[in-house]
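1. Can you look at this prediction? I've put the sequence above it.
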Amino acid sequence: MAAQLDTHIALAHGNGGRFMRELIEELFARHLANPLLDTDADAATVPLEHDGEVVITTDGFTVQPLEFPGGTIGSLAVHGTVNDLAVSGAIPRYLTLNSFIEEGLEVSLLERVVASMAAAAREAGVQIVAGDTKVLRRGEGGGIYFATTGLGLRQPGVQLGLRQVQAGDAVLVSGPVGDHGTAVMLAREQFGLRGDLQSDAASVLPACQALMKVPGLRFMRDPTRGGLATVANEIARATGLTVRLQEPAVPVRDPVRSVCDMLGYDPLYLACEGRVVAVVAAEYADAALGALQAVCPDAAAIGRVEEGRSQVILETELGGERFLDELEDDPLPRIC
């Protein structure tokens, strides 16, 4: 890295002059380089040879801490954007990136974050083709904020969405829930707890593509803020039906369950950043679960949609029932 970048971000790195140019060229562009990224252009030109639909999404990321077991805010920004496209049935192709960097941030930390972003983009098969950089005054930010836009391509005729869900459909999840929320919580060390649990942050494109090959797929969603319970409530609210989940069937890792028991959290409400919740027609549920387990061995069938009023019911391990209400308070701020 050039000496001009020094060791910490200064306001001059966002003033449009030499320091900003060096930050973009010698840090961002060096890690994110691809044939379409032109730091001298105001807009990117991207090829879209496709007979289907163009799908676009946008997202923002403010996680604390900026680095956590299993990822960084940089890899999280890529995975979060890629996953929103993937659960819509699209193949992610291009991302744009807005970076909001706080004055005083260590350049070495920024470099690690951008390097992890570049690695995540390569793994997901996407290119970051345009971006913008702003520097916030000290105390006005959380170190780094990212805002992204993602563009993907979807085959014609794909019909996925909450309107497709029907009574009798099965609910699947691609793996254990609550890993990301718990890993970030442990990384903060504010509760005096430590552990080696890794965030589940990853691209869900392989899982989504496996499900897309199965007839009867109705809906997919990545359970980020608010977790599995929030996705279940979205389904119930949009359809006017009851979502019934079986607690013993929902995969939760023992460390996640232990931390939640100690601190009074419910893993069903904690963020996941590498999981898919899918709703599939009942007659194709076994085929969908088999396809999902081929790429996600811990995938499980966890419930069903049924006639009844709009609500989410959890059948407990003891044979009782409890309602999973819609999330109101944020138990873990700035987690994704």
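-> That came in fine, so what should we check first? Residues are numbered from 1 along each chain as shown.
2. Show me what Leu136 is bridged to.
-> Taking DSSP bridges as the rule, Leu136 bridges to Glu102.
3. Give me the below-cutoff pLDDT ranges for the stretch 101-250 of the chain.
-> Residue ranges of the stretch 101-250 of the chain with pLDDT under 70: 189-195.
4. That one: strands as residue ranges?
-> Assigned by DSSP state E, counting those that start in this stretch, the strands in the stretch 101-250 of the chain fall at 127-136, 144-154, 170-173, 217-221, 242-246.
5. The longest one vs strand 127-136, what angle?
-> Following axes from the mean of the first three to the mean of the last three C-alpha atoms, to 10 degrees, one obtains 160 degrees for the angle between strand 144-154 and strand 127-136.
6. okay, strand 144-154 in CSV with CA atoms only?
-> C-alpha atoms of strand 144-154 as CSV (Å, rounded to 0.1, in the frame of the first residue of the first chain):
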residue,chain,number,x,y,z
ILE,A,144,-17.7,1.7,8.1
TYR,A,145,-21.2,1.6,6.6
PHE,A,146,-21.8,0.0,3.2
ALA,A,147,-24.8,0.4,0.8
THR,A,148,-25.1,-1.9,-2.1
THR,A,149,-27.2,-2.4,-5.2
GLY,A,150,-27.3,-5.8,-6.9
LEU,A,151,-28.4,-6.9,-10.3
GLY,A,152,-29.3,-10.4,-11.4
LEU,A,153,-30.9,-12.3,-14.2
ARG,A,154,-33.9,-14.6,-13.9
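7. can you count the residues close to the closest residue to Ala291 other than its chain neighbours?
-> Spatial nearest neighbour of Ala291, chain neighbours left out: Ala210 (4.5 Å); criterion: C-beta to C-beta, 6 or more residues apart in numbering. From N, CA and C alone the C-beta is placed, and that goes for glycine too. Using other C-beta atoms under 10 Å, Ala210 is surrounded by 20 other residues.
8. mind listing what Ala210 touches?
-> Ala210 makes contact with 291-292, 294-295 under the criterion C-beta atoms under 8 Å, 6 or more residues apart in numbering.
9. check which helix or strand covers Ala278.
-> Assigned by DSSP states H and E, Ala278 belongs to strand 277-280.
10. Repeat that for Val256.
-> helix 254-263.
11. Distance-wise, check Ala77 relative to Ala201.
-> 10 Å (C-beta to C-beta, to the nearest Å).
12. show me the contacts for the residue nearest to Leu32 when sequence neighbours are not counted.
-> Residue nearest to Leu32 in three dimensions, not counting chain neighbours: Ile128, with 4.8 Å by C-beta to C-beta, 6+ apart. For Ile128, the contact set (C-beta under 8 Å, 6+ apart) comprises 32, 34, 37, 94-97, 117-118, 121.
13. so Asn83 sits right up against Val204, yeah?
-> Yes. Between Asn83 and Val204 there is a contact under C-beta atoms under 8 Å: 4.8 Å.
14. winner for burial among the strands of the stretch 101-250 of the chain?
-> Per residue and on average, the most neighbours among the strands of the stretch 101-250 of the chain fall to strand 170-173, with a mean of 25 (mean count of other C-beta atoms under 10 Å).
15. Tell me which residue is most central in the protein.
-> Closest to where the C-alpha atoms of the chain average out (C-alpha atoms, centre = their mean) is Gly80, at 3.2 Å.
16. That residue sits in which helix or strand?
-> Going by DSSP H and E, Gly80 is part of helix 73-86.
17. Distance check, Ala285 against Leu66.
-> Computed as C-beta to C-beta, the Ala285 to Leu66 distance reads 40 Å.
18. now Ala147: how far from Thr81?
-> 10 Å.
19. Give me the common contacts of those two.
-> Shared contacts of Ala147 and Thr81, defined by C-beta under 8 Å, 6+ apart, are found at 58-59.
20. Please enumerate the helices of the stretch 101-250 of the chain.
-> 107-124, 179-188, 205-212, 227-239 (DSSP state H, counting those that start in this stretch).
21. hmm, back to that, just the CA trace of the strand holding Ala278, in PDB.
-> Provided in PDB are the C-alpha atoms of strand 277-280 (Å, rounded to 0.1, in the frame of the first residue of the first chain):
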ATOM      1  CA  VAL A 277     -36.500 -20.500   4.300                       C
ATOM      2  CA  ALA A 278     -38.500 -22.100   1.500                       C
ATOM      3  CA  VAL A 279     -42.200 -23.000   1.100                       C
ATOM      4  CA  VAL A 280     -43.000 -25.900  -1.200                       C
END
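22. Much appreciated, bye for now.
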